[in-house]
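>>> I would like to see how this sequence folds:
(one chain, ligands or ions: 1)
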Amino acid sequence: MNALDRSHDPGRQSWVASAQSHPDFPIQNLPLARVKHGNTPGAIAVAIGDEALLLPPAIEAGWGKDLPPGALSLGLSALNVFAGRPPAEWRAARLALSDALSDRAWESRLRPALRPREELEYLVPFQVYDFTDFYASAYHATNVGSMFRPDNPLLPNYKWVPIGYHGRASSIVVSGTPVRRPRGQTAPAEGAAPAFGPTRSLDYELELGIFLGGRNALGTPVPASEAAARIFGICLLNDWSARDIQAWEYQPLGPFLAKNFATSISPWVVTADALLPFHVAMPARPSGDPEPLEHLRIPDNWTVAARLEVLFNTAAMRARHDADIVVSEVRFEQAMYWSPAQLVAHHASNGCNLYMGDLLGTGTVSGPDPASRGCLLERTWRGTEPLTLPDGETRKFLEDGDEVVFRGRCSAGGAVSIGLGECRGVVLPA
Ligand code: MN
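Here you go, the predicted model:
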């Protein structure tokens with residue numbers, strides 16, 4: 001495991017005043033995003049309190065002179081090239097950002113490169129060539145399985161192989177992008193033909209997204225001991241899902257049009273180095289469960305101590321300026337059966353070539369109790385236990401105009417807490 005350095009020092013403060021005690025973006029976080037910037041294809045920015053430092057003008061002002069030249073790929077228009085550099089350069093760039101944003105000697109040079117975060121327009125931070133979604137919470141898999149197979153909720157492969165499917169990269173959108181209700185085929189009533197029309201069971205899935213760095217050549221697996229080093233950073237991810245379309249189409253090859261119409265991600269990538277203080281050991285497997293096979297046996301198998309939450313509001317609530325309601329809260333580190341590194345090792349175990357900017361979704365993050373379930377399918381138990389909103393409205397699944405908001409926060413003793421920001425999306429009519 002990598003050691004903490006001065007960028008994690010809880011006593012470190014920034015000359016950007018709003019960074020002090022900032023709930024999401026104190027100087028100990030320094031997440032990266034891609035934003036619109038003049039006529040360029042985009043610019044990388046780093047969050048610091050309520051501001052963001054744009055890297056191209058910061059580099060012009062002299063930041064990063066002492067870095068290896070490759071690390072200055074942070075000045076490019078997307079994160080792929082930087083994420084293709086060695087992890088030592090990711091770390092060096094983070095340290096140089098932390099040093100400059102905490103040293104008043106830099107203030108006059110860097111202040112012109114700061115922008116208020118709320119004025120920025122965000123883009124997907126990488127050119128994402130491949131997106132894979134997993135199913136790594138055994139609570140989620142057991143809940144969903146028990147709805148469809150009460151006698152046999154968890155299939156026999158679950159404890160041996162991290163289940164996943166290839167998603168669609170081109171429909172990944174950044175937080176704030178509205179999501180149009182998809183149309184699709186749904187199961188016929190007995191003796192009838194299937195129907196085609198707007199989904200009637202639109203759902204969200206609370207997930208973490210894992211952005212990969214580096215690359216392995218096709219045909220060259222990633223050894224278990226090297227899988228964690230491929231994790232560049234994480235974000236919040238909403239795997240929007242149309243349950244009625246999914247139920248009709250998913251056998252025998254898995255999800256397709258029920259999920260590829262949109263996947264929302266939070267704009268800020270919280271980097272692997274920022275997560276170091278929040279590493280905790282994966283929970284022990286329940287007694288009687290098999291040990292993972294050799295290629296999935298990760299040395300020092302960590303996960304991230306993070307509390308995730310689902311918030312929700314409706315068009316009527318927004319018109320009245322009502323506060324969002326909290327639908328679910330879950331501890332990520334307690335919810336997952338497979339760790340982030342195990343997902344990476346498994347994905348490459350057949351020689352599949354993973355590429356910088358590839359995105360892995362963890363699968364719906366659900367915990368043991370009803371209030372920790374990460375999608376409406378589980379939260380309302382297929383609509384049989386609808387949510388009641390403060391104004392008396394009810395929800396089994398999402399209605400047009402509903403907005404879903406994910407938040408996440410990492411905390412650990414002795415460390416300054418950091419946030420993942422926010423992933424939001426409003427549902428448009430079909
Ligand atoms: Mn999913």
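
>>> quick check: beta-bridge partners of Leu54?
Beta-bridge partners recorded for Leu54 (DSSP bridges): Ala45.

>>> which parts of the stretch 1-150 of the chain sit against the ion?
With Cβ under 5 Å from the ion as the criterion, the stretch 1-150 of the chain comes near the ion at residues Asp133. Using the backbone N, CA and C atoms, a C-beta is placed for each residue, glycine as well.

>>> could you list the low-pLDDT ranges of the stretch 1-150 of the chain?
1 (pLDDT under 70).

>>> which parts of it are helices?
55-60, 80-83, 87-102, 107-110, 138-148 (DSSP state H, counting those that start in this stretch).

>>> Phe261 contacts Trp240, doesn't it?
Yes. The pair Phe261 / Trp240 is scored as a contact, 6.8 Å apart, by Cβ atoms under 8 Å.

>>> sec struct for the residue located most distally from the centre of the chain, please.
Distance from the centre of the chain peaks at Gly191, with 42.1 Å (Cα atoms, centre = their mean). Three-state assignment for Gly191 (DSSP: H, G, I helix; E, B strand; the rest coil): coil.

>>> and for the residue of the stretch 101-250 of the chain at minimum distance from the ion, the neighbour number?
The nearest approach of the stretch 101-250 of the chain to the ion comes at Asp239, 3.4 Å away (Cβ to the ion). Close neighbours of Asp239, defined as other Cβ atoms under 10 Å, add up to 25.

>>> show me what contacts it?
Asp133, Gly167, Tyr204, Glu205, Glu207, Lys259, Thr263, Gly361, Thr364 (Cβ atoms under 8 Å, 6 or more residues apart in numbering).

>>> quick one: which of Phe261 and Trp240 has more around it?
Counted by other Cβ under 10 Å, Phe261 and Trp240 do not tie: Trp240 has more neighbours, with 25 against 20.

>>> excluding covalently adjacent residues, which one is nearest to the more buried one?
Leaving aside its chain neighbours, Trp240 sits nearest to Ala262 (5.0 Å; criterion: Cβ to Cβ, 6 or more residues apart in numbering).

>>> is it true that that neighbour touches Pro178?
No. Applying Cβ under 8 Å, one finds Ala262 not in contact with Pro178, separated by 9.1 Å.

>>> show me where the stretch 251-400 of the chain has strands.
Secondary structure of the stretch 251-400 of the chain (DSSP state E, counting those that start in this stretch): strands at 263-265, 270-271, 279-281, 302-304, 306-313, 325-331, 359-361, 387-388, 394-395.

>>> which residues are contacting the fifth one?
In this structure, residues lying in contact with strand 306-313 by Cβ under 8 Å, 6+ apart are 204, 206, 208, 236, 278, 322, 324-333, 365, 374, 395, 402-411, 420.

>>> that strand pairs with which strands, parallel or anti?
Assessed with DSSP bridges, strand 306-313 is paired to strand 325-331 (antiparallel), strand 403-410 (antiparallel).

>>> the ion is nearest to which of those strands?
Taking Cβ to the ion as the criterion, strand 403-410 is the member of these that comes nearest to the ion, at 12.8 Å.

>>> now the helix or strand that the closest one is followed by: buried residues?
Using DSSP states H and E, the helix or strand that follows strand 403-410 towards the C-terminus is strand 418-428. Of the residues in strand 418-428, those with enough neighbours to count as buried (16 or more other Cβ atoms under 10 Å) are Ile418, Gly419, Leu420, Gly421, Glu422, Cys423, Arg424, Gly425, Val426, Val427.

>>> tell me how far the fifth one lies from the ion.
With distances taken as Cβ to the ion, to the nearest Å, Glu422 is found 19 Å from the ion.

>>> that residue is in contact with Ser266, isn't it?
Yes. Applying Cβ under 8 Å, one finds Glu422 in contact with Ser266, separated by 6.0 Å.

>>> so what's in contact with Phe261 and Trp240 at the same time?
Val179.

>>> pretty sure Trp240 is touching Glu205, no?
Yes. Using Cβ under 8 Å, Trp240 is in contact with Glu205, at 7.5 Å.

>>> tell me who's in contact with Tyr122.
Taking Cβ under 8 Å, 6+ apart as the test, what Tyr122 contacts is Ala33, Arg34, Val35, Lys36, Val174, Ser175, Gly176, Pro267.

>>> for Gly361, same thing?
Per Cβ under 8 Å, 6+ apart, neighbours of Gly361: Phe131, Thr132, Asp133, Phe134, Gly167, Glu207, Leu208, Gly209, Ile210, Leu237, Asp239, Thr263.

>>> bridged to it, which residues?
According to DSSP bridges, the residues that bridge with Gly361 are Asp133, Gly209.

>>> measure it to Cys235 for me?
Separation of Gly361 from Cys235 (Cβ to Cβ, to the nearest Å): 10 Å.
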